[in-house]
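**Q** predicted model and sequence below, questions to follow.
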Amino acid sequence: MKRKHKESLTSLAILSPSIITLAVFVYGFISRSVQISMLDWDTFGSFMRKAKDYVGLKNYIGLLQESRFQTDLWNTLYFTLFFILGCLAIGILLSLILNNKPKGGYFFQNLYLFPMAISFVVTGTVWRWIFAPGRLPNDPRGINLLFEQLGLDALQWGWFTSTSSFMGFNVALVAVIIAAVWQYSGYTMAMWLAGLRGIDQQLIEAARIDGASKWQVFTKILFPIQKPITLSAIIVLAHVSLKAFALIYAMTGSGPNNVTDIPAVYMFEATFRSNRYSTGSAIAIVLLMMVGLLIIPYLVNSFKEE
Amino acid sequence: MDDKMTTREKVLRYAILIAFAVFFLIPMYVLLSTSLKSFSEVSINTMWQLPSSLSFEGFREAFVKLAPNVLNSFYLVIPATLLSAIMGSMNGYVLSHWKFKGSDTLFALILFGMFIPYQSVLFPLVQFMQTIGLYGSIPGLILVHVVYGLPITTLMFRNYYQDVPDALTEAAKVDGANIFSIYRHIFFPISIPSFVVVFIWQFTNIWNEFLFAVSLTDTQSQPITVALTNLAGSQVVEWNVQMSGAIITALPTLLVYIIFGRYFIKGMLAGSVKG
């Protein structure tokens, strides 16, 4: 009994540097952000005075009424949706083809995955140049120029400078979504491929002999088996999209009329560019709650299974 | 199924594979061809053409501007990777083989740190670093990356050690080994592959990281990712220099991917399988 007690103490001692730092850096700082979000530190003066007047949820209510923040929420919704759909569609398609082990498949697989090794900052820098629209119709640039040279003028448009929107979807986001899908569809492919390799081939062959079409094999056998993997991929991708700060910062910034703005960019600008510390903290806490809504049910579920 | 595949299907399959290969290579083409042009040739009208003659002007200029930042990144990434891996390994070891009352809850509390959007800690973090005098310094950024790296490294090692049978530790205990000697003589040696995976994962993530880097450093201590975004800040955007800078930024992690691809993929999959 005594020995057991001593063992626990040693275990705790080994863990203590991590416990203490994480207690401060995660739990302490989140609490502090919550606190600041309920103060009135939206000017440099009030921040310097360390004014202690709590304003409750005023900053949150103000945010929700602000058109920039409303745009940010729509942008997050559409960006996340199309980013995930794009990564899933391309990733699954490629994994199905590569799972048949075509000649040169290994080469293609490695090629599709390499963007995962690159920083969002690099991705943003390159795609910013590719999607720079130029002055249409006479002075096209980037991909618009390529379209002109290929005789596809009809495909030219303003990309991330476009201010059109459709049901709250700012079409300028298409450019950012393409860049993000470019970077992460290889990830879905790798996840699916890892799962497909574990499926018994006899199962599929038996279904084929029974007359199932390839599409039926996919929808009735492969997709149900791969559901947990797909769900994990969706969670990770949704998480990535909420963190897409670096990509947007390097590629477009918030854009005209905030067409490519997201809460993370707004938070950064509010906090570090315009001394609106409380508003910045409120945005950060809204982000945290959005991640929580997504992650907590998933975590509870996977711990239950374990 | 391959033998039953018709020629038409085969052609279609390769057409898809090649179309996506082109999609994935477009940015690489733009990067390489632009970075090797001279400034006078980097006109918008010729952006899709190969350089008429190879010029290393862009690379030379980017290198002069970015060399200190490349060094900063290495000073940051190497210690942060090593420290977070070693601490994660010890944590994972204790949490899988020396469980105590509440250790599973503790593990869940540690894990929580990998899911938070870092914006939610950012401003207090900046203030804290200023208070302890580490703001704007590489050691400060190392500390931040070690701490926020702990959840994922702990998870990866714990998952790895969980497959080691308890009988092994029990037997060693009977022989009089203690918690440290069992780690040193049994767990550390068998976890070399796991260390490789974690090293690569942390190296890539910390090298590529931007939010902490841009919020916590000054001009002296900027890592390469921040310096790259600042290259665009000058009045005339020299795209050949920009693209050269982007290549310099991407090269170390790309090399890691090319050399250790298998481990890279392992880390990527391990990083996503939670719990």
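**A** Sure thing, it's come through.

**Q** name the nearest residue to residue A:193, ignoring sequence neighbours.
**A** Excluding the flanking residues, the one nearest residue A:193 by Cβ to Cβ, 6 or more residues apart in numbering or on different chains is residue A:95, at 4.4 Å. Every C-beta, even on glycine, is put in place using the N, C-alpha and C of the backbone.

**Q** quick one: residues contacting the one you found.
**A** A:188, A:189, A:190, A:192, A:193, A:196 (Cβ atoms under 8 Å, 6 or more residues apart in numbering or on different chains).

**Q** could those residues be laid out in CSV, adding distance to residue B:8, pLDDT and neighbour count?
**A** Listed next are the contacts of residue A:95 as CSV, based on distance: Cβ to Cβ, whole Å; pLDDT from 0 to 100; neighbours: other Cβ atoms under 10 Å in any protein chain shown:
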residue, distance to residue B:8, pLDDT, neighbour count
A:188, 27, 93, 28
A:189, 24, 94, 28
A:190, 28, 92, 24
A:192, 25, 93, 24
A:193, 24, 92, 22
A:196, 23, 90, 20
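
**Q** list of residues touching the helix or strand containing residue B:108?
**A** Residue B:108 belongs to helix B:103-111 when elements are defined using DSSP states H and E. In this structure, residues lying in contact with helix B:103-111 by Cβ under 8 Å, 6+ apart are A:11, A:15, A:18-19, A:22, A:303, B:91, B:94-95, B:150-151, B:154-155, B:158, B:274.

**Q** how about it as PDB, C-alpha atoms only?
**A** Extracted as PDB, the C-alpha positions of helix B:103-111 are listed here (Å, rounded to 0.1, in the frame of the first residue of the first chain):
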ATOM      1  CA  SER B 103      -4.700   9.600 -14.100                       C
ATOM      2  CA  ASP B 104      -7.200   9.000 -16.900                       C
ATOM      3  CA  THR B 105      -9.000  12.300 -16.100                       C
ATOM      4  CA  LEU B 106      -5.700  14.000 -16.000                       C
ATOM      5  CA  PHE B 107      -4.900  12.600 -19.500                       C
ATOM      6  CA  ALA B 108      -8.200  14.000 -20.800                       C
ATOM      7  CA  LEU B 109      -7.400  17.400 -19.300                       C
ATOM      8  CA  ILE B 110      -4.000  17.300 -21.000                       C
ATOM      9  CA  LEU B 111      -5.500  16.300 -24.300                       C
END
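
**Q** state the mean pLDDT of it.
**A** Mean pLDDT, taken over the full extent of helix B:103-111, equals 90.

**Q** show me which parts of that helix are buried, residue by residue.
**A** B:103, B:106, B:107, B:109, B:110, B:111 (16 or more other Cβ atoms under 10 Å in any protein chain shown).

**Q** rewinding a little: can you select the buried ones among the contacts of helix B:103-111 for me in ChimeraX?
**A** In ChimeraX, a selection of the buried entries from the contacts of helix B:103-111 looks like this (16+ other Cβ under 10 Å):
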select /A:11,15,18,19,22 /B:91,94,95,150,151,154,155,158,274
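
**Q** so for the contacts of helix B:103-111, which is the shakiest by pLDDT?
**A** Within the contacts of helix B:103-111, lowest confidence goes to residue B:274 (41).

**Q** confirm residue B:52 sits in a helix?
**A** No. Judged by DSSP: H, G, I helix; E, B strand; the rest coil, residue B:52 forms no part of a helix; its state is coil.
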